[in-house]
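Q: Sequence and computational prediction follow.
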Amino acid sequence: MTRYFVHLSYAGEAYRGYQVQAEGKTVQGILELAFSALLKQKVTLWGCGRTDAGVHASQYFIHFETADELPDGFVYKLNKILPADISLYSIEKVDHSRHARYHAFLRRYHYFLHTEKSSVLAHKSALYDRERLDFQKMAEAISLIGNYRDFRGFCKTPNRYPNAECKIYSVQAYKNQDGTQFCFEISANRFLRGMIRNIMAKVILVGAGKMSLNEFESYLLIPDPRILPIPAKPEGLYLSEVRYPFIEAVPKINPLNFLLIQHGDSWSKLLP
């Protein structure tokens, strides 16, 4: 059997997440149907992580195994079969021990929100137009994250994790020139279930003046499971980079480059 790694991306609005479920269309389900049809055998795919319903992946990796040689033009033929919201970029042989999920040493997420309704951003960014948000306060909340390691207080299913520690590599916050768009960026070695959307839900409460910075930090200081707010909307979240020690694969898509809606606009960093 030969193991292959596949580099791809997908827009998540039409799917109930990456992983196959009992009901509903998933990215994994669509991919496995396409791979199985082209290889004329049942193919099982292992992904680099789960994404929730409506969440996007501008960079994603899967691995699979087959005893057969891949046909010529395999990636091109798969892209012809797959829907337009899933794109394959490359495929390469790897050692049989390599695993798409367990051997990733860095994952980066971006979360985008906007405060004015835009048809261009529909399903690609989260609309929060009920009030003007204080972006600087939101950035201050985000800056606190890198000082902590235990994120059990932001986890949807904390009892499933014997260890809720995540090594945060970097955090950043951006806004556009007129303050109608905001982006949150975080990279770490791992993320807990629901962690980013739950963090962003509280960051948004801080920005709306409904939660103090001290209260936000309390979830980091005392990381006990407690009642969480409604998670931030899924359409603003992107898994945007996954790194491995044995693969050089630069993301084909950087969501920071295509989600600005005004010509000539630019992002400004809100953190040093």
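A: Thanks, I have the structure now.
Q: And stretch 235-250, what's buried?
A: 235-244, 247, 249 (16 or more other CB atoms under 10 Å). Backbone N, C-alpha and C define where each C-beta goes, glycine included.
Q: Hmm, I typed the wrong one, I wanted stretch 203-221.
A: Quick answer for stretch 203-221 (16+ other CB under 10 Å): 203-208, 211, 216-217, 219-220.
Q: farthest-separated two in those residues?
A: The span of these, defined through CB to CB, is set by 208 and 220 at 19.5 Å.
Q: if we can go back for a sec, between the buried residues of stretch 203-221, which is nearest residue 140?
A: For the buried residues of stretch 203-221, the nearest to residue 140 is residue 206 (7.8 Å; CB to CB).
Q: and the closest one, what is it in contact with?
A: Taking CB atoms under 8 Å, 6 or more residues apart in numbering, we find residue 206 in contact with 134, 137-138, 140-141, 212-213, 216.
Q: Repeat that for residue 66.
A: Listed by CB under 8 Å, 6+ apart, the contact partners of residue 66 are 1-2, 4, 39, 41, 43.
Q: Please determine how far it is located from residue 3.
A: Distance from residue 66 to residue 3, counting by CB to CB, to the nearest Å: 9 Å.
Q: which residues do those two both contact?
A: In contact with both residue 66 and residue 3: no residue, using CB under 8 Å, 6+ apart.
Q: What about the closest residue to residue 160 other than its chain neighbours, how many residues nearby?
A: Nearest residue to residue 160 in three dimensions, chain neighbours excluded: residue 193, at 7.2 Å (CB to CB, 6 or more residues apart in numbering). By other CB atoms under 10 Å, 15 other residues sit near residue 193.
Q: which residues touch residue 193?
A: Counting by CB under 8 Å, 6+ apart, residue 193 makes contact with 50, 155-157, 160.
Q: Can you check the pLDDT for it?
A: pLDDT, residue 193: 89.
Q: Assumed residue 70 was part of a helix.
A: No: Residue 70 is assigned coil when assessed by DSSP: H, G, I helix; E, B strand; the rest coil, not a helix.
Q: Residue 4 is in contact with that one, correct?
A: Yes: shown here, residue 70 and residue 4 form a contact pair, counting by CB atoms under 8 Å, at 7.5 Å.
Q: Overlap of the contact sets of these two?
A: Joint contacts of residue 70 and residue 4 (CB under 8 Å, 6+ apart) are residue 91.
Q: nearest residue to the residue nearest the centre of the chain other than its sequence neighbours?
A: Closest to where the C-alpha atoms of the chain average out (CA atoms, centre = their mean) is residue 239, at 2.3 Å. Leaving aside its chain neighbours, residue 239 sits nearest to residue 57 (4.3 Å; criterion: CB to CB, 6+ apart).
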